[in-house]
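# sharing a sequence plus its predicted fold:
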Amino acid sequence: MELDQKTRREILVGVGSVGLFVALLAGVGAAYGNGGLTETGALAVVGVIVFFVVLMTGVGYWLAQQY
């Protein structure tokens, strides 16, 4: 089964976005996770989640405009 260019682009953009999300969460955990997540760290996690939702909305809109 061969994937066309549009499908490959969608897969790469999706995987890249999720990879960025995981990397940001790992960064927050490394910065604020000394034995437990602090209140500031929890706010940072919420910020990362909000950023991810906005990012995926933008990515979805961009991909929809490609067709």
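Okay, I see it. Residues are numbered from 1 along each chain as shown.

# and stretch 7-22, which residues are buried?
Of the residues in stretch 7-22, 17, 21 count as buried by neighbour count, 16 or more other CB atoms under 10 Å. For the C-beta atoms, the positions are set from N, CA and C on the backbone; glycine is no exception.

# how many neighbours does the closest residue to Ala44 other than its chain neighbours have?
In this structure, Ala44 finds its nearest non-sequential neighbour in Val28, 4.5 Å apart by CB to CB, 6 or more residues apart in numbering. For Val28, the count of nearby residues is 20 (other CB atoms under 10 Å).

# what is the helix or strand harbouring Val28 packed up against?
According to DSSP states H and E, Val28 maps onto helix 5-32. Applying 3 or more CB pairs under 8 Å, 6 or more residues apart in numbering; DSSP states H and E, one finds that helix 5-32 contacts helix 39-65.

# centroid residue for this protein?
Centroid check for the chain by CA atoms, centre = their mean gives Phe21 as the closest residue, at 3.1 Å.
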